[in-house]
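In: Below are the sequence and a predicted model; questions follow.
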Amino acid sequence: MKKLFTSFMALTTAALMVLPMQAAAQTKSRLAQILERGTLRVGTTGDFNPMSVKDTATNTYTGFDIEAMNQLAADMGVKIEYVPAEWATLVNGIVSDRFDIFSGASLSMARAKTVAFSNPYLFAGTVPMVSKKTGAKLTTWDSINNANVTVAVLMGTVFEQQARAHFPKAKIRAVEKPATGYQEVLAGRAQVTVTSNVEAATLMKTYPELVTVGSTAEMRNKRPFAYPMPQGDEVWHTFVNNWISLKEAEGFFTGLETKWLSAKK
């Protein structure tokens, strides 16, 4: 019994010594953990062209958000590890500590209940798209709101809702998959479709005959894109926000917009 009691006390003492170290690890900022680990873990989906695109042949990622995350890791002086993620499990991936930051997502109050968001680094919004032939006649949002104009959108999407709200006088053609709004425009069955400026950038590179209506400043239904992170770590949040401010001042994000979100090939 004496030997058993002695062994028990030894284990208890060892456990008590470990607890302060565990507590210290738990209170250590995410920034300190990343620097000590030497790796920044970034969650990304790889299915959001041109923001995050996965090349399955090489298991590598490219895109606007990927280039930004590569730069963040380089500025921190650490390696980068991309962790495959899905939009539906984005929040769970952060809460369960699968990654330190997500490569970029639109800010929503539903997500903000569980994860923190950095300052915005980009604003996305809805833009109308037309063919170059039609573009000479439809140059503003107001010109589209006409009974002689047909706007094609995918049925049941947020873009159908937006088209009906912005163009109450126009004819709204709600198409079902596999049809798409832009295909209706290319085929001449509609003059206009609406989509995000992010998707529009990719479509214009693929189909040079498509153009957007108006300027970036005329986007509607704007929403900020920011970096989701774990809640409750002000050190990590402040560091990322400072990095965004510095890169904005240097023109880094403007350069990414020109490279990835313009119609130029």
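Out: Good, I have the coordinates.
In: Return the distance of the residue nearest to E257 when sequence neighbours are not counted relative to A201.
Out: Distances taken as Cβ to Cβ, 6 or more residues apart in numbering put L122 closest to E257, at 7.1 Å, once the chain neighbours are dropped. (Glycine included, C-beta is placed from N, CA and C.) L122 is 12 Å from A201, where distance means Cβ to Cβ, to the nearest Å.
In: hmm, back to that, ok, the residue nearest to E257 - contacts?
Out: Applying Cβ atoms under 8 Å, 6 or more residues apart in numbering to L122 gives the contacts F64, G104, P224, F225, F253, E257.
In: Please pick the buried ones from these.
Out: Buried members of the contacts of L122, scored by 16 or more other Cβ atoms under 10 Å, are F64, G104, P224, F225, F253.
In: Among the residues you listed, which one lies nearest to N70?
Out: N70 lies nearest to F64 out of the buried ones among the contacts of L122, by Cβ to Cβ, at 11.1 Å.
In: I'd say the closest one and T258 touch.
Out: No - judged on Cβ atoms under 8 Å, F64 makes no contact with T258 at a distance of 10.5 Å.
In: about what we covered before: adding pLDDT and secondary structure, write the contacts of L122 out as JSON lines.
Out: Shown next, in JSON lines, are the contacts of L122 (pLDDT from 0 to 100; DSSP: H, G, I helix; E, B strand; the rest coil):
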{"residue": "F64", "pLDDT": "97", "secondary structure": "helix"}
{"residue": "G104", "pLDDT": "95", "secondary structure": "coil"}
{"residue": "P224", "pLDDT": "93", "secondary structure": "strand"}
{"residue": "F225", "pLDDT": "95", "secondary structure": "strand"}
{"residue": "F253", "pLDDT": "97", "secondary structure": "helix"}
{"residue": "E257", "pLDDT": "92", "secondary structure": "helix"}
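In: With distance to Q71 added, can I get those residues in TSV?
Out: Output for those, formatted as TSV (distance: Cβ to Cβ, whole Å):
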residue	distance to Q71
F64	11
G104	13
P224	20
F225	16
F253	10
E257	14
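In: Nearest to N242, out of those: which one, please.
Out: For those, the nearest to N242 is F253 (14.3 Å; Cβ to Cβ).
In: Show the contacting residues for S29.
Out: D233, V235, W236.
In: Can you give me the domain boundaries for the chain?
Out: Domain assignment for the chain by automatic domain parsing gives 31-121+227-260, 125-222.
In: averaging pLDDT over each of those domains, which comes out lowest?
Out: Note on the domains of the chain: domain 125-222 shows the lowest mean pLDDT, a mean of 92.
In: buried sites along stretch 247-255?
Out: Within stretch 247-255, the residues that count as buried by 16+ other Cβ under 10 Å are K247, F252, F253.
In: of those, closest to S52?
Out: Of these, the one sitting nearest to S52 (Cβ to Cβ) turns out to be F253, at 15.6 Å.
In: so that closest one sits right up against Q71, yeah?
Out: No - F253 lies out of contact with Q71 (Cβ under 8 Å); the separation is 10.1 Å.
In: Give the residues shared as contacts by the two.
Out: In contact with both F253 and Q71: K247, using Cβ under 8 Å, 6+ apart.
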